[in-house]
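A.B. asks: Sequence first, predicted model second:
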Amino acid sequence: MQRTSFSSRKKGCGHRYIYRYQDIWYIPTRIQNIVSFQKHFQAKDSDIIIASLPKSGTTWLKALTFAILNRKCFPPSQNNHPLLSSNPHELVPIFEYNHYVYNQIPDLSILPEPRLFSTHVPFHSLPDSITKSKCKIIYICRNPFDNFISFWLFVNKIVPPSLPKLSCEEAFERYSNGINECGPFWIHMLGYWRASKETQNKILFLRYEDLKGDINFYLKRVAEFIDCPFNSEEQSNGVIENIIELCSFEKLTELEVNKTGKFIQKFENKDFFRKGVVGDWVNHFSPWMIEKLSKVMEEKFGGSGLSF
Ligand code: A3P
């Protein structure tokens, strides 16, 4: 394991060091959790797993997938829908943040099927039982320009008040060199991108920008992919529109649970929502940053077919 220090910020995000495990950088406790997840998780063919790099639109995709999957017991227009009282991260827990923590080995076999999980682990580090079973993965990807801005501003929100904020330049150096939590971004994105091309019907690769552009189309795409397509009655009864409305940025941010609630005692739910737009990076990037990140993306993504 290779170790790097947050040199100019001794306790970055409360942790002095991040470590590289299977080519990806993490804080130490996360690695313990991932090892446990890799060792113990037994996938079922009916499982659905949402995968992403942090700050790519995970919260939104969780809300949408949960609402699609559970629409028979929880119609989206119902005023006691779980999404009205719980943050999407509570409803769709993350393996390495919620299940495989504190050296516990949870019995996930008792959960009702289909089980809905999520992870920030890259494709190459997923347990064999996920890659070898028929379970499905939905990956959400976001333009690295916006992904970086969202990430940097989020990190500064969760930094303890006693520690200095991370400057945009310093955060950018780390991100563009691939040395930030869950980075390098290109390894993460390309791993799922290539796997989605190689394995038919196993991975649905989505872009945040595409969802913003035509949510109706992609909602139906997700529903078909997880074998829950909308029938014509649902289509004419406005179920699709109701789910879109229920999971919209505007709706979720007005809910009390997302204004004042907390996720795993560490994160304020409100911090998962900021602007929810495409292209906010233009308000933060200076010319040298545009040049550098464009170059990195050209170098890493060139020839892969992945573009933004
Ligand atoms: P911004 O910081 O650019 O606003 P993640 O969920 O992976 O942590 O990603 C967070 C990003 O998704 C944030 O982007 C957040 O505002 C945006 N987001 C959260 N909920 C959303 C929703 N319902 N619709 C669209 N974007 C959403």
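C.D. replies: Looks like it arrived, so ask away.
A.B. asks: Within range of the ligand, give me the residues from the stretch 51-200 of the chain.
C.D. replies: Ser52, Pro54, Lys55, Ser56, Gly57, Thr58, Thr59, Trp60, Asp146, Ser150 (Cβ under 6 Å from any ligand atom). For glycine as for every other residue, the C-beta is placed from the backbone atoms N, C-alpha and C.
A.B. asks: Show me the beta-bridge partners of the first one.
C.D. replies: Right, Ser52. For Ser52, the beta-bridge partners are Ile140 (DSSP bridges).
A.B. asks: I figured it hits Cys141, correct?
C.D. replies: Yes: at 7.4 Å, Ser52 counts as touching Cys141 under the criterion of Cβ atoms under 8 Å.
A.B. asks: quick revisit: now, the most widely separated pair of the residues of the stretch 51-200 of the chain next to the ligand?
C.D. replies: Thr59 and Asp146 (14.5 Å; Cβ to Cβ).
A.B. asks: Mind checking which of the residues of the stretch 51-200 of the chain next to the ligand are in helices?
C.D. replies: Thr58, Thr59, Trp60, Asp146, Ser150 (DSSP state H).
A.B. asks: Quick check: phi and psi on the closest residue to the third one other than its chain neighbours?
C.D. replies: It refers to Trp60. The shortest distance from Trp60 to any non-neighbouring residue, by Cβ to Cβ, 6 or more residues apart in numbering, is to Cys247 (6.4 Å). Dihedral angles of Cys247 (phi, psi; degrees, to the nearest 10) stand at phi -100, psi 0.
A.B. asks: Also Lys197?
C.D. replies: The phi/psi pair for Lys197 (degrees, to the nearest 10) is phi -80, psi -30.
A.B. asks: quick one: it and Arg30, what's the gap?
C.D. replies: 28 Å (Cβ to Cβ, to the nearest Å).
A.B. asks: higher neighbour count, those two?
C.D. replies: Neighbour count, other Cβ atoms under 10 Å: between Lys197 and Arg30, Arg30 has more, with 22 against 13.
A.B. asks: Hmm, the more buried one is touching Ile94, no?
C.D. replies: No: the pair Arg30 / Ile94 is not scored as a contact, 10.3 Å apart, by Cβ under 8 Å.
A.B. asks: list the helices and strands the helix or strand hosting Glu291 packs on?
C.D. replies: Per DSSP states H and E, Glu291 falls inside helix 287-301. Helices and strands touching helix 287-301, as assessed by 3 or more Cβ pairs under 8 Å, 6 or more residues apart in numbering; DSSP states H and E, comprise helix 144-158, helix 168-176, helix 185-198.
A.B. asks: could I get these as TSV with mean pLDDT?
C.D. replies: Below are these laid out as TSV (pLDDT from 0 to 100):
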stretch	mean pLDDT
helix 144-158	95
helix 168-176	94
helix 185-198	98
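A.B. asks: in stretch 292-303, what counts as buried?
C.D. replies: Lys292, Leu293, Val296, Met297, Lys300, Phe301 (16 or more other Cβ atoms under 10 Å).
A.B. asks: likewise stretch 166-181?
C.D. replies: Leu166, Cys168, Glu170, Ala171, Phe172, Arg174, Tyr175, Ser176, Gly178, Asn180, Glu181.
A.B. asks: Could you dump the residues you listed into JSON lines and include distance to Asp47?
C.D. replies: Formatted as JSON lines, the buried residues of stretch 166-181 follow (distance: Cβ to Cβ, whole Å):
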{"residue": "Leu166", "distance to Asp47": "36"}
{"residue": "Cys168", "distance to Asp47": "39"}
{"residue": "Glu170", "distance to Asp47": "39"}
{"residue": "Ala171", "distance to Asp47": "34"}
{"residue": "Phe172", "distance to Asp47": "36"}
{"residue": "Arg174", "distance to Asp47": "33"}
{"residue": "Tyr175", "distance to Asp47": "31"}
{"residue": "Ser176", "distance to Asp47": "34"}
{"residue": "Gly178", "distance to Asp47": "30"}
{"residue": "Asn180", "distance to Asp47": "29"}
{"residue": "Glu181", "distance to Asp47": "25"}
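A.B. asks: Tell me the one among those residues nearest to the ligand.
C.D. replies: Glu181 (12.3 Å; Cβ to the nearest ligand atom).
A.B. asks: Just the strands from this structure, written as ranges.
C.D. replies: 2-5, 17-21, 24-26, 48-52, 116-119, 136-141, 203-207, 262-263, 267-268 (DSSP state E).
A.B. asks: The fourth one - contacts with which helices or strands?
C.D. replies: Counting contacts by 3+ Cβ pairs under 8 Å, 6+ apart, the secondary-structure elements packed against strand 48-52 are helix 58-69, strand 116-119, strand 136-141.
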